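coordinates for the following, if possible.
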Amino acid sequence: MTPSHSTQAKTPRTVPFRWSRADVANALDHFTSADASSQRHCAEQLGIPHATLNYWTRHYSPDQDDPVDSFFRSPCAEAVLRRIVLAALTSFHLHGACGIRLVAAFLEQAQLDRFGATSRGALHPFAATVATELVAFRDCEQPTLAQQMKPRTITLVPDEHFHSGQPCLVAIEPVSNFVLVECYKQQRDADTWKEAVKEGMAGMPVEVVQMTSDEARALICLAEKGFDAAHSPDLFHGQRHLLQPLLLPLTRPIQQAEKELEKASKLVEKLDGPAEQAQTTQQLNALIDAVRQQVGVEQRLEQAKARQEKAVQEVRAVADDYHPFDRQTGQPLSAEEVGKRLNRHIDEMEKVVEQAKLGDKPRQAVARARPWLATLMGCVAWFWSVATARVEEMDLDEEQERVVKEKLLAGHYWTMAAGRARTVQERKRLKELAERLKREAWQEGGALSRLSEQEKKRVAEVAQQGAELFQRSSSCVEGRNGRLSLQHHGHSRVSEQRLKALTVLHNYLVKRADGTTAAERFYGQKHKDLFSWLLERMPDLPRPAQKRPKPPAETFPVGCGSV
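Just a heads-up that it's a prediction; the model follows:
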């Protein structure tokens with residue numbers, strides 16, 4: 001009698017063993033080579049069951065008459081196919097906010113669905129793995145980068161976004177555009193913000209010395225009480241609060257004058273008969289009155305347009321003059337000098353309000369701008385106090401300190417601010433101004449030329465970091481909020497796991513024109529290539545299912561209907 005055996009394996013296997021696509025491609029490539037003998041002999045050499053190799057040969061052998069099929073079934077094409085699918089998922093599905101179906105459509109139109117499954121059931125688990133591995137990359141790489149990071153002081157730009165049922169807190173370091181905080185919270189008060197920011201900066205030698213925001217009370221409290229930092233109001237929000245109450249009252253006279261001008265023009269055209277036709281004195285007087293009325297309306301229209309344009313230009317001029325350096329010469333400007341320039345524009349706004357005889361709301365909006373300008377002056381004063389203290393810490397002589405403040409600091413500031421100018425000509429002019437100031441600072445025979453190379457490097461680093469302290473806009477976080485809105489629109493919801501993956505993509509994969517990621521700029525050092533890291537950890541691509549023949553359509557005799 002045959003002895004009984006236990007059905008339980010000695011080493012139970014939790015995951016079924018599967019040959020990878022690369023193993024299949026390598027085996028078939030080895031079998032089809034010139035030195036291969038029989039199929040059985042090749043299977044013995046590779047350590048593969050003969051039945052397995054036979055199955056691969058029948059189902060996965062490349063078609064020699066089709067060069068595309070021959071390439072994509074080769075060993076090297078497996079790496080290419082994995083890279084294409086991973087790039088489509090990270091670029092389209094995650095960063096581009098499109099769905100799985102569009103990724104599948106891209107692969108099908110590229111005729112890659114012959115070599116990899118493109119159904120939702122096949123691609124969705126693959127995309128979920130990508131999102132999980134993105135978070136794993138951050139958890140693996142960020143502690144090392146933070147440990148090797150030089151201590152630095154930063155400006156933080158926080159804001160809330162409401163693309164889902166609960167607030168999404170977002171905080172970005174504006175110089176590097178590195179997202180420090182991006183998470184869902186039940187509340188958005190100062191204590192919740194403080195906890196989120198400390199969690200985002202955990203393990204980093206970073207100190208927040210300034211916050212720039214839209215003047216929400218919780219964010220002001222977070223800056224002043226939570227981190228004992230300065231608060232800088234966002235310039236755009238202040239401009240909007242100043243101009244918005246004026247635009248509608250200034251636009252109404254323009255619209256009214258345009259309607260009256262249209263009526264007057266039609267009346268003149270009606271009364272102005274042909275030159276050869278005689279007109280009575282009454283008709284001539286009516287024509288003259290109509291022409292006078294048309295001219296008067298045209299003058300009122302021009303005046304109304306001029307007042308509106310004057311108000312817009314004065315508000316824009318506030319942004320042009322809100323700098324710690326002169327926009328034309330690059331010379332340093334004190335808080336008092338900046339305040340005088342800004343108040344002149346508000347004076348002109350008051351004149352526009354008086355000339356247009358606007359109501360109480362526009363007058364109150366212009367009056368509220370005075371305290372706002374005082375806050376802007378305080379930001380300039382804070383900037384100069386911090387920048388001066390940092391320059392004095394380098395133990396330079398009086399002439400060297402003057403050159404650093406007037407030339408080098410100004411040069412680095414306008415290099416940073418030139419890209420935000422409105423026109424191409426202005427951007428070019430400011431860049432040329434910045435380069436000229438830097439050349440004058442480092443010119444041979446100058447005060448800074450006596451420093452050693454190490455001291456020069458330190459002076460340049462302090463000047464650049466000092467210039468970066470003056471932040472007057474929260475546009476970086478507003479742009480990020482726009483990206484999150486697109487994600488919510490494209491996917492109906494953004495889960496916490498997806499939000500974490502999007503943060504990692506923004507920090508470690510998206511690059512600027514100079515080829516650097518936000519993490520490289522923030523930590524001051526390179527990190528592992530995220531895309532290569534994902535390629536190494538991605539599971540095998542699912543193969544497309546065998547196409548089953550469709551059953552023939554059922555036919556019915558003529559005159560008989562289906563039941």
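
so where do the strands sit in this protein?
Under the criterion DSSP state E, the chain contains strands at 152-161, 168-173, 178-184, 206-213, 230-233.

pick the most deeply packed of the ones you listed.
Highest mean neighbour count among the strands of the chain (mean count of other CB atoms under 10 Å): strand 168-173, with a mean of 24. In short, each C-beta sits where N, CA and C put it, glycine included.

just the pLDDT for residue 460.
What the model reports for residue 460 is a pLDDT of 93.

that older thread, can I get the strands of the chain in a markdown table including mean pLDDT?
A markdown table is the format used below for the strands of the chain (pLDDT from 0 to 100):
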| stretch | mean pLDDT |
| --- | --- |
| strand 152-161 | 93 |
| strand 168-173 | 95 |
| strand 178-184 | 95 |
| strand 206-213 | 94 |
| strand 230-233 | 94 |
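
contacting residues around residue 270?
The neighbours of residue 270, taking CB atoms under 8 Å, 6 or more residues apart in numbering as the test, come to nothing; the list is empty.

which helix runs longest in this structure?
Using DSSP state H, we find that the single longest helix of the chain is helix 281-321.

show me what that helix is packed up against.
Helix 281-321 is packed against helix 235-271, helix 335-356, with contacts defined by 3 or more CB pairs under 8 Å, 6 or more residues apart in numbering; DSSP states H and E.

do you know which of the strands of the chain lies nearest residue 366?
In this view, these are compared for proximity to residue 366 by CB to CB, and strand 230-233 is the closest at 17.1 Å.

tell me what that closest one is packed against?
Judged by 3+ CB pairs under 8 Å, 6+ apart, strand 230-233 is in contact with strand 206-213, helix 360-392.

show me the protein divided up by domain.
Annotated domains of the chain cover 62-149+496-545, 153-232, 235-388, 394-472 [automatic domain parsing].

I'd like to know which of those is closest to residue 483.
Nearest of those to residue 483, taken as CB to CB: domain 62-149+496-545 at 7.9 Å.

so how far is that closest one off the chain centroid?
Domain 62-149+496-545 sits 20 Å away from the centroid of its parent chain (CA atoms, centre = their mean, to the nearest Å).

not counting sequence-adjacent ones, nearest residue to residue 478?
Nearest residue to residue 478, sequence neighbours excluded (CB to CB, 6 or more residues apart in numbering): residue 159, at 7.0 Å.

now the strands of the chain in JSON lines, with distance to residue 389?
Rendered in JSON lines, the data for the strands of the chain read as follows (distance: least, CB to CB, whole Å):
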{"stretch": "strand 152-161", "distance to residue 389": "11"}
{"stretch": "strand 168-173", "distance to residue 389": "21"}
{"stretch": "strand 178-184", "distance to residue 389": "25"}
{"stretch": "strand 206-213", "distance to residue 389": "11"}
{"stretch": "strand 230-233", "distance to residue 389": "13"}
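
ok, which of the ones you listed comes nearest residue 54?
Among the strands of the chain, strand 178-184 comes nearest to residue 54, with 52.5 Å by CB to CB.

give me the sheet partners of that closest one and which way each runs.
Strands that pair with strand 178-184, judged by DSSP bridges, come out as strand 168-173 (antiparallel).

the inter-axis angle of the partner strand versus strand 152-161?
Between the axis of strand 168-173 and that of strand 152-161 there is an angle of 150 degrees, by axes from the mean of the first three to the mean of the last three CA atoms, to 10 degrees.

please state the offset of strand 168-173 from the chain centre?
In this view, strand 168-173 has its centroid 12 Å away from the chain centroid, taken as CA atoms, centre = their mean.

so what touches it?
Strand 168-173 is touched from outside by 154-162, 178-185, 188, 192-193, 196-197, 200, 476-477, 480-481, 484, 499, 522, with contacts defined as CB under 8 Å, 6+ apart.

could I get it in CSV with only the CA atoms?
Included here for strand 168-173 are C-alpha records, laid out as CSV according to Å, rounded to 0.1, in the frame of the first residue of the first chain:
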residue,chain,number,x,y,z
CYS,A,168,-6.3,71.4,2.0
LEU,A,169,-3.3,73.2,3.6
VAL,A,170,-0.6,74.1,1.2
ALA,A,171,2.7,75.8,2.1
ILE,A,172,5.6,76.5,-0.4
GLU,A,173,9.1,77.9,-0.1
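
strand 206-213 and that one, what's the angle between them?
110 degrees.

now for residue 321, how many residues are close by?
19 (other CB atoms under 10 Å).

pretty sure it sits against residue 337.
No - applying CB atoms under 8 Å as the test, residue 321 and residue 337 come out as separate, 9.5 Å apart.

who touches residue 359 in this structure?
Each residue near residue 359 by CB under 8 Å, 6+ apart is listed here: residue 249.

let's go with 10 Å and repeat that
Residues counted as contacts of residue 359 (CB atoms under 10 Å, 6 or more residues apart in numbering) are 245, 249, 353.

residue 190 versus the closest residue to the second one other than its chain neighbours, what's the distance?
Put plainly, it is residue 249. Nearest non-adjacent residue to residue 249, counting by CB to CB, 6+ apart: residue 358, 4.8 Å away. Distance from residue 358 to residue 190, counting by CB to CB, to the nearest Å: 37 Å.
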